[in-house]
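Q: Kindly return the folded structure for what I paste below:
(chains A and B)
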Amino acid sequence: DVKVTQSSRYLVKRTGEKVFLECVQDMDHENMFWYRQDPGLGLRLIYFSYDVKMKEKGDIPEGYSVSREKKERFSLILESASTNQTSMYLCASTPGVTSTDTQYFGPGTRLTVL
Amino acid sequence: AQSVSQHNHHVILSEAASLELGCNYSYGGTVNLFWYVQYPGQHLQLLLKYFSGDPLVKGIKGFEAEFIKSKFSFNLRKPSVQWSDTAEYFCAVTSSGGSYIPTFGRGTSLIVHP
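A: So this is what the prediction gives:
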(Lines give C-alpha, C1' and ligand atoms only; values in the text may rest on other atoms or scores of the structure.)
Protein backbone atom coordinates (compact mmCIF):
# COMPACT_ATOMS: atom_id res chain seq x y z
CA ASP A 1 0.00 0.00 0.00
CA VAL A 2 1.08 3.52 -0.72
CA LYS A 3 1.86 5.40 2.40
CA VAL A 4 1.92 9.17 2.61
CA THR A 5 2.91 10.55 5.98
CA GLN A 6 2.88 14.08 7.30
CA SER A 7 5.14 15.28 10.06
CA SER A 8 2.45 16.55 12.42
CA ARG A 9 -1.28 15.95 12.89
CA TYR A 10 -1.77 19.15 14.87
CA LEU A 11 0.33 22.29 14.96
CA VAL A 12 -0.16 25.60 16.76
CA LYS A 13 1.96 28.58 15.71
CA ARG A 14 2.01 32.30 16.30
CA THR A 15 1.53 35.01 13.71
CA GLY A 16 4.79 35.80 11.95
CA GLU A 17 6.46 32.46 12.66
CA LYS A 18 8.04 30.45 9.88
CA VAL A 19 6.27 27.10 9.59
CA PHE A 20 7.45 23.92 7.92
CA LEU A 21 5.07 21.11 7.01
CA GLU A 22 6.72 17.95 5.82
CA CYS A 23 5.35 15.14 3.68
CA VAL A 24 6.96 11.83 2.81
CA GLN A 25 5.73 9.13 0.42
CA ASP A 26 7.21 5.66 0.21
CA MET A 27 6.14 4.46 -3.25
CA ASP A 28 8.55 6.27 -5.55
CA HIS A 29 5.78 8.51 -6.89
CA GLU A 30 6.72 11.22 -9.34
CA ASN A 31 4.18 13.83 -8.33
CA MET A 32 3.45 15.40 -5.00
CA PHE A 33 0.85 18.00 -4.06
CA TRP A 34 -0.08 20.32 -1.23
CA TYR A 35 -3.73 21.26 -0.69
CA ARG A 36 -5.55 23.16 1.96
CA GLN A 37 -8.99 21.98 3.02
CA ASP A 38 -11.47 24.47 4.45
CA PRO A 39 -15.14 23.83 5.30
CA GLY A 40 -17.37 24.69 2.36
CA LEU A 41 -14.41 25.34 0.07
CA GLY A 42 -13.26 21.79 -0.57
CA LEU A 43 -9.64 21.15 -1.54
CA ARG A 44 -7.63 23.96 -3.05
CA LEU A 45 -4.25 23.30 -4.62
CA ILE A 46 -1.37 25.34 -3.23
CA TYR A 47 1.65 23.89 -5.07
CA PHE A 48 2.65 20.70 -6.79
CA SER A 49 5.88 19.12 -7.91
CA TYR A 50 6.39 16.67 -10.78
CA ASP A 51 10.08 16.05 -10.15
CA VAL A 52 12.89 16.75 -7.72
CA LYS A 53 13.60 20.49 -7.51
CA MET A 54 10.64 21.23 -9.79
CA LYS A 55 7.58 23.05 -8.54
CA GLU A 56 4.49 24.63 -9.99
CA LYS A 57 2.02 27.04 -8.46
CA GLY A 58 -1.49 25.87 -7.87
CA ASP A 59 -4.59 27.97 -7.36
CA ILE A 60 -3.62 29.65 -4.08
CA PRO A 61 0.19 29.90 -3.79
CA GLU A 62 0.33 33.31 -2.10
CA GLY A 63 2.02 33.19 1.28
CA TYR A 64 3.47 29.72 0.68
CA SER A 65 6.59 28.20 -0.80
CA VAL A 66 7.68 24.59 -1.28
CA SER A 67 10.81 22.53 -1.44
CA ARG A 68 11.48 19.16 -3.02
CA GLU A 69 15.11 18.15 -2.57
CA LYS A 70 14.43 14.41 -2.62
CA LYS A 71 11.87 12.48 -4.60
CA GLU A 72 10.05 11.13 -1.56
CA ARG A 73 9.84 14.38 0.39
CA PHE A 74 7.82 17.53 -0.29
CA SER A 75 7.81 20.41 2.18
CA LEU A 76 5.38 23.28 2.47
CA ILE A 77 6.72 26.48 4.01
CA LEU A 78 4.76 29.34 5.42
CA GLU A 79 7.34 32.14 5.45
CA SER A 80 5.41 34.30 7.91
CA ALA A 81 2.31 32.60 9.24
CA SER A 82 -0.92 34.57 9.37
CA THR A 83 -4.26 33.80 11.00
CA ASN A 84 -5.92 33.31 7.61
CA GLN A 85 -3.60 30.35 7.05
CA THR A 86 -5.32 28.43 9.84
CA SER A 87 -6.52 25.35 7.99
CA MET A 88 -6.15 21.63 7.36
CA TYR A 89 -3.22 20.93 5.04
CA LEU A 90 -3.23 17.77 2.96
CA CYS A 91 -0.32 16.26 1.10
CA ALA A 92 -0.92 13.86 -1.80
CA SER A 93 1.08 11.95 -4.36
CA THR A 94 0.45 10.25 -7.70
CA PRO A 95 2.60 7.73 -9.58
CA GLY A 96 3.00 9.75 -12.78
CA VAL A 97 1.47 12.46 -14.92
CA THR A 98 -1.48 10.48 -16.21
CA SER A 99 -4.90 12.06 -15.85
CA THR A 100 -6.40 8.77 -14.65
CA ASP A 101 -4.00 8.49 -11.72
CA THR A 102 -5.45 8.20 -8.25
CA GLN A 103 -4.31 10.72 -5.67
CA TYR A 104 -2.96 9.16 -2.45
CA PHE A 105 -3.41 11.41 0.54
CA GLY A 106 -1.67 11.81 3.86
CA PRO A 107 -3.56 12.15 7.14
CA GLY A 108 -3.45 15.94 7.12
CA THR A 109 -1.96 18.57 9.41
CA ARG A 110 -4.37 20.83 11.22
CA LEU A 111 -2.56 24.14 11.61
CA THR A 112 -3.79 26.85 13.93
CA VAL A 113 -2.14 30.27 13.73
CA LEU A 114 -2.77 32.47 16.76
CA ALA B 1 -10.92 25.78 -17.19
CA GLN B 2 -12.79 22.89 -15.69
CA SER B 3 -14.99 23.16 -12.63
CA VAL B 4 -16.93 20.77 -10.42
CA SER B 5 -20.19 21.46 -8.64
CA GLN B 6 -21.56 19.39 -5.78
CA HIS B 7 -25.08 20.53 -5.10
CA ASN B 8 -25.64 18.97 -1.71
CA HIS B 9 -23.39 20.45 0.96
CA HIS B 10 -24.95 18.62 3.89
CA VAL B 11 -27.03 15.46 3.76
CA ILE B 12 -28.60 13.74 6.75
CA LEU B 13 -30.11 10.28 6.36
CA SER B 14 -31.30 7.42 8.49
CA GLU B 15 -29.75 4.00 8.14
CA ALA B 16 -31.15 1.96 5.24
CA ALA B 17 -32.15 5.07 3.30
CA SER B 18 -30.97 5.40 -0.28
CA LEU B 19 -28.29 7.92 -1.16
CA GLU B 20 -27.60 10.00 -4.21
CA LEU B 21 -24.99 12.75 -4.16
CA GLY B 22 -24.87 15.05 -7.14
CA CYS B 23 -21.76 16.00 -9.07
CA ASN B 24 -21.69 18.09 -12.23
CA TYR B 25 -18.63 19.22 -14.10
CA SER B 26 -17.99 21.78 -16.77
CA TYR B 27 -15.51 20.84 -19.43
CA GLY B 28 -16.10 20.31 -23.11
CA GLY B 29 -13.60 17.52 -23.73
CA THR B 30 -13.02 14.00 -22.50
CA VAL B 31 -12.88 13.72 -18.74
CA ASN B 32 -11.91 11.34 -15.98
CA LEU B 33 -14.09 11.42 -12.90
CA PHE B 34 -13.40 10.47 -9.31
CA TRP B 35 -15.19 10.22 -6.00
CA TYR B 36 -13.06 10.42 -2.87
CA VAL B 37 -14.24 9.84 0.69
CA GLN B 38 -12.90 11.09 4.01
CA TYR B 39 -14.15 9.16 7.02
CA PRO B 40 -13.86 10.95 10.38
CA GLY B 41 -10.23 11.02 11.46
CA GLN B 42 -9.02 9.17 8.37
CA HIS B 43 -7.19 9.95 5.14
CA LEU B 44 -9.00 10.99 2.00
CA GLN B 45 -9.20 7.86 -0.13
CA LEU B 46 -10.51 6.85 -3.52
CA LEU B 47 -14.05 5.51 -3.57
CA LEU B 48 -14.30 4.93 -7.33
CA LYS B 49 -13.28 6.41 -10.65
CA TYR B 50 -14.34 6.47 -14.27
CA PHE B 51 -12.11 6.99 -17.27
CA SER B 52 -13.57 4.83 -20.04
CA GLY B 53 -15.88 1.92 -20.77
CA ASP B 54 -19.03 1.11 -18.83
CA PRO B 55 -20.43 4.41 -17.55
CA LEU B 56 -21.75 2.66 -14.44
CA VAL B 57 -18.81 2.29 -12.10
CA LYS B 58 -18.80 0.25 -8.92
CA GLY B 59 -16.57 1.16 -6.02
CA ILE B 60 -15.81 0.05 -2.51
CA LYS B 61 -18.41 -0.49 0.23
CA GLY B 62 -21.35 -0.86 -2.17
CA PHE B 63 -21.07 2.58 -3.78
CA GLU B 64 -21.59 3.17 -7.47
CA ALA B 65 -21.63 6.16 -9.78
CA GLU B 66 -23.00 6.72 -13.24
CA PHE B 67 -21.33 8.93 -15.83
CA ILE B 68 -23.97 10.65 -17.96
CA LYS B 69 -22.08 12.58 -20.62
CA SER B 70 -25.11 14.48 -21.92
CA LYS B 71 -25.78 15.84 -18.44
CA PHE B 72 -22.12 16.39 -17.50
CA SER B 73 -22.87 14.44 -14.36
CA PHE B 74 -21.28 11.74 -12.22
CA ASN B 75 -23.67 11.15 -9.34
CA LEU B 76 -22.76 8.85 -6.48
CA ARG B 77 -25.33 6.31 -5.27
CA LYS B 78 -25.81 3.71 -2.62
CA PRO B 79 -29.10 1.82 -2.23
CA SER B 80 -28.93 1.46 1.56
CA VAL B 81 -26.61 3.55 3.71
CA GLN B 82 -25.07 2.52 7.01
CA TRP B 83 -23.98 4.55 9.98
CA SER B 84 -20.37 3.84 8.94
CA ASP B 85 -20.93 5.79 5.70
CA THR B 86 -20.87 9.01 7.69
CA ALA B 87 -18.09 10.95 5.97
CA GLU B 88 -17.25 13.80 3.64
CA TYR B 89 -17.45 13.01 -0.07
CA PHE B 90 -15.55 14.84 -2.80
CA CYS B 91 -16.07 14.66 -6.54
CA ALA B 92 -13.07 15.46 -8.77
CA VAL B 93 -12.35 15.72 -12.48
CA THR B 94 -9.29 15.63 -14.70
CA SER B 95 -9.22 16.14 -18.43
CA SER B 96 -7.90 13.47 -20.77
CA GLY B 97 -5.19 14.95 -22.93
CA GLY B 98 -5.13 18.05 -20.79
CA SER B 99 -4.12 18.75 -17.25
CA TYR B 100 -3.64 15.76 -14.96
CA ILE B 101 -4.19 18.01 -11.98
CA PRO B 102 -7.64 17.29 -10.52
CA THR B 103 -10.25 19.90 -9.81
CA PHE B 104 -12.22 19.07 -6.69
CA GLY B 105 -15.76 19.95 -5.76
CA ARG B 106 -16.50 21.61 -2.44
CA GLY B 107 -17.54 18.37 -0.82
CA THR B 108 -20.71 16.92 0.68
CA SER B 109 -20.93 16.10 4.36
CA LEU B 110 -23.04 13.00 4.92
CA ILE B 111 -24.38 12.10 8.37
CA VAL B 112 -26.17 8.79 8.78
CA HIS B 113 -28.21 8.33 11.92
CA PRO B 114 -28.42 4.80 13.32
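
Q: Skip the chain neighbours and tell me the closest residue to the residue sitting nearest the centre point of chain B.
A: Centre of chain B computed as the mean C-alpha position; nearest residue by CA atoms, centre = their mean is B:W35, 3.6 Å away. In space, and not counting its chain neighbours, B:W35 is closest to B:L47: 4.3 Å by CB to CB, 6 or more residues apart in numbering or on different chains. Every C-beta, even on glycine, is put in place using the N, C-alpha and C of the backbone.

Q: got a list of what the one you found touches?
A: By CB atoms under 8 Å, 6 or more residues apart in numbering or on different chains, B:L47 lies in contact with B:F34, B:W35, B:Y36, B:V37, B:G59, B:I60, B:K61, B:F63, B:L76, B:Y89.

Q: One more: A:E17?
A: A:E17 is in contact with A:L78, A:S80, A:A81, A:V113, counting by CB under 8 Å, 6+ apart.

Q: sec struct for it, please.
A: Secondary structure of A:E17, reduced to three states by DSSP: H, G, I helix; E, B strand; the rest coil: coil.

Q: now it: how far from A:S67?
A: Separation of A:E17 from A:S67 (CB to CB, to the nearest Å): 17 Å.

Q: Spell out which parts of chain A neighbour chain B.
A: Contact residues of chain A with respect to chain B, defined by CB under 8 Å from any CB of the partner chain, are listed as A:4, A:31, A:33, A:40-45, A:48, A:58, A:90, A:92, A:94, A:97-103, A:105-108.

Q: ok, now with 7 Å
A: For chain A, the contact set with chain B under CB under 7 Å from any CB of the partner chain comprises A:40-43, A:45, A:48, A:90, A:97-103, A:105-107.

Q: Can I have the buried ones of these as a ChimeraX selection?
A: To isolate in ChimeraX the members of the residues of chain A next to chain B that are buried, counting by 16 or more other CB atoms under 10 Å in any protein chain shown, one can use:
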select /A:42,43,45,48,90,99,101,102,103,105,106,107
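
Q: Of the contacts of B:L47, which belong to strands?
A: The strands, defined by DSSP state E, take in B:F34, B:W35, B:Y36, B:V37, B:L76, B:Y89 from the contacts of B:L47.
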